[in-house]
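A.B. asks: build me a model from this:
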Amino acid sequence: MNVLGIETSCDETSAAVVRGGTEVRSNVVSSQIALHRDHGGVVPELAARAQLTAIIPVVEAALAEAKLELDEIDAIAVTRGPGLAGSLLVGANFAKALAYARSIPLVGVNHLEAHLYANWLVPPESESTQPEFPVLALLVSGGHTELMLMTGHGRYAHLGRTLDDAAGEAFDKGARLLGLGYPGGPAIQQAAIGGRTDAFALPRAWLGESNDFSFSGLKTALLREVEPYRLPDPEPEPQDDAPFRKHRPPRFAETLPVADLAASYQEAIVDVLAVKTARAAEALDIRQVVLAGGVAANRALRERLAGEVDLRAGAMLRVPALMYCTDNAAMVAAAGYFALRRGAQSGWELDVASRLPIGGSDS
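C.D. replies: Below you'll find the predicted structure:
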């Protein structure tokens with residue numbers, strides 16, 4: 001079965017074709033990083049506008065890369081939430097129109113669930129085993145940090161989640177505090193090269209034996225460390241009529257120890273994520289752990305988590321290829337395939353939901 005995936009939950013416009021839920025035949029992503037960088041983060045209205053112009057060329061490119069015609073597509077999977085409402089509507093409405101015009105089965109996909117299914121993806125004509133249930137999953141994507149037990153396709157038990165800031169938000173906010181720009185995760189990872197992870201005693205919110213996470217206190221601690229180095233802001237520029245203001249990064253004295261701060265901050269995030277996940281794997285006697293979401297691309301997290309789950313639980317860590325960690329349509333197509341196998345199918349009443357928990361109802 002060839003599934004066309006469509007992803008427009010935030011600032012990426014992506015289309016992909018995946019066969020059998022695992023084999024990636026194409027995966028095209030149109031990025032908007034340059035569009036949003038000057039604003040210090042994603043501007044929802046700008047994102048939706050750009051996706052309106054990108055969606056058709058991206059889908060056409062995905063079909064061409066897969067060497068398939070639209071008539072050879074067996075189903076369409078589209079992200080329906082969570083995400084930015086305007087962006088979600090671009091992808092969902094396009095998918096519904098295409099499915100209706102060609103009488104192709106349509107299924108709506110949870111964006112967070114799709115990130116988990118990135119671990120099922122393999123390059124064309126390659127042989128790779130699929131994760132074996134039960135699977136302990138650490139999902140670290142944007143505003144979401146969740147630890148869950150996956151006992152089968154579409155079957156989840158939530159073990160823990162963030163109580164405030166998610167790990168991705170902590171990276172973005174930390175990068176902003178350090179004047180490193182957007183997106184925060186890659187910026188901090190790059191800045192941390194050569195820095196000492198023990199240079200600053202930044203806090204860890206262990207929360208006792210809980211599987212929940214908290215990163216707001218860590219962000220505040222970083223703020224206190226950088227404040228002594230901050231220079232006064234220059235005189236404000238006259239405001240013009242531009243609808244979207246550009247982000248003005250903070251100014252610091254040259255003595256600001258950026259590398260040490262970035263390394264210590266990154267280590268504090270990675271430490272909690274890795275230890276709590278490994279501790280849960282040990283308690284549940286889990287042998288397979290998967291990492292998913294944009295933060296899964298972080299090199300320090302990959303290495304530390306692999307070591308912790310092996311040491312504490314004798315478990316093996318599975319991580320998607322870097323290209324499938326960030327938002328992409330291949331993971332949406334994979335999740336859609338397994339949803340269709342479970343009998344899920346959406347009608348023309350398919351709607352988007354900016355908040356949509358895994359395995360739960362709209363909220």
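
A.B. asks: low-confidence ranges, the chain, go.
C.D. replies: Applying pLDDT under 70 to the chain flags the ranges 124-127, 235-247, 360-363.

A.B. asks: could you point out the longest helix in it?
C.D. replies: helix 258-284 (DSSP state H).

A.B. asks: which elements pack onto the following helix or strand past that one?
C.D. replies: Next helix or strand after helix 258-284 toward the C-terminus (DSSP states H and E): strand 288-292. If contacts are counted by 3 or more CB pairs under 8 Å, 6 or more residues apart in numbering; DSSP states H and E, strand 288-292 sits against helix 111-117, strand 135-141, helix 299-313, strand 316-318. From N, CA and C alone the C-beta is placed, and that goes for glycine too.

A.B. asks: mind listing residues that contact the longest one?
C.D. replies: Okay, so that is helix 299-313. Outside helix 299-313, the residues within contact range by CB atoms under 8 Å, 6 or more residues apart in numbering are 138, 140, 189, 192, 266-267, 269-271, 273-275, 277-279, 281-282, 285-287, 289, 291, 295-296, 315-317, 319.

A.B. asks: chain center to that helix: distance?
C.D. replies: Distance, stretch centre to chain centre, for helix 299-313: 19 Å (CA atoms, centre = their mean, to the nearest Å).

A.B. asks: before we move on, what about stretch 81-96?
C.D. replies: Taking CA atoms, centre = their mean, one finds stretch 81-96 lying 17 Å from the centre of the chain it belongs to.

A.B. asks: all strands in this protein, in order from the N-terminus.
C.D. replies: 2-7, 13-19, 23-30, 75-81, 106-110, 135-141, 144-152, 155-161, 288-292, 316-318 (DSSP state E).

A.B. asks: turn those strands into JSON lines, columns for distance to Arg248.
C.D. replies: Conversion of the strands of the chain to JSON lines gives the following (distance: least, CB to CB, whole Å):
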{"stretch": "strand 2-7", "distance to Arg248": "31"}
{"stretch": "strand 13-19", "distance to Arg248": "28"}
{"stretch": "strand 23-30", "distance to Arg248": "28"}
{"stretch": "strand 75-81", "distance to Arg248": "32"}
{"stretch": "strand 106-110", "distance to Arg248": "36"}
{"stretch": "strand 135-141", "distance to Arg248": "28"}
{"stretch": "strand 144-152", "distance to Arg248": "29"}
{"stretch": "strand 155-161", "distance to Arg248": "33"}
{"stretch": "strand 288-292", "distance to Arg248": "34"}
{"stretch": "strand 316-318", "distance to Arg248": "40"}
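
A.B. asks: make CSV from those strands and add mean neighbour count and distance to Gly359 to it.
C.D. replies: Below are these laid out as CSV (neighbours: other CB atoms under 10 Å; distance: least, CB to CB, whole Å):
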stretch, mean neighbour count, distance to Gly359
strand 2-7, 28, 20
strand 13-19, 28, 22
strand 23-30, 22, 25
strand 75-81, 27, 13
strand 106-110, 25, 8
strand 135-141, 26, 12
strand 144-152, 20, 8
strand 155-161, 16, 4
strand 288-292, 25, 15
strand 316-318, 19, 20
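
A.B. asks: between these, which one is nearest to Ala95?
C.D. replies: strand 75-81 (3.7 Å; CB to CB).

A.B. asks: what helices and strands are in contact with the closest one?
C.D. replies: Using 3+ CB pairs under 8 Å, 6+ apart: strand 75-81 touches strand 2-7, helix 85-102, strand 106-110, helix 111-117, helix 329-341.

A.B. asks: how about these in JSON lines, adding distance to Lys173?
C.D. replies: Below are the helices and strands packed on strand 75-81 laid out as JSON lines (distance: least, CB to CB, whole Å):
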{"stretch": "strand 2-7", "distance to Lys173": "25"}
{"stretch": "helix 85-102", "distance to Lys173": "22"}
{"stretch": "strand 106-110", "distance to Lys173": "25"}
{"stretch": "helix 111-117", "distance to Lys173": "21"}
{"stretch": "helix 329-341", "distance to Lys173": "26"}
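
A.B. asks: select, out of the ones you listed, the one closest to Glu45.
C.D. replies: When those are compared by CB to CB, helix 85-102 sits nearest Glu45, at 6.7 Å.

A.B. asks: about what we covered before: how about the strands of the chain, which one is nearest Val258?
C.D. replies: strand 135-141 (23.4 Å).

A.B. asks: the closest one packs against which elements?
C.D. replies: Packing partners of strand 135-141 (3+ CB pairs under 8 Å, 6+ apart): helix 111-117, strand 144-152, helix 167-177, helix 258-284, strand 288-292.

A.B. asks: buried subset of the contacts of helix 299-313, written for ChimeraX?
C.D. replies: Selecting only the buried entries of the contacts of helix 299-313 in ChimeraX, with 16 or more other CB atoms under 10 Å as the criterion:
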select :138,140,189,192,266,267,269,270,271,273,274,275,277,278,279,281,282,286,289,291,295,296,315,317,319
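
A.B. asks: how close does the closest residue to Pro250 other than its chain neighbours get to Ala313?
C.D. replies: Of all residues not flanking Pro250 in the chain, Gly179 sits nearest, at 5.0 Å (CB to CB, 6 or more residues apart in numbering). Look at Gly179 and Ala313: by CB to CB, to the nearest Å, they are 39 Å apart.

A.B. asks: next: Asp71.
C.D. replies: In terms of CB to CB, Asp71 sits 48 Å off from Ala313.
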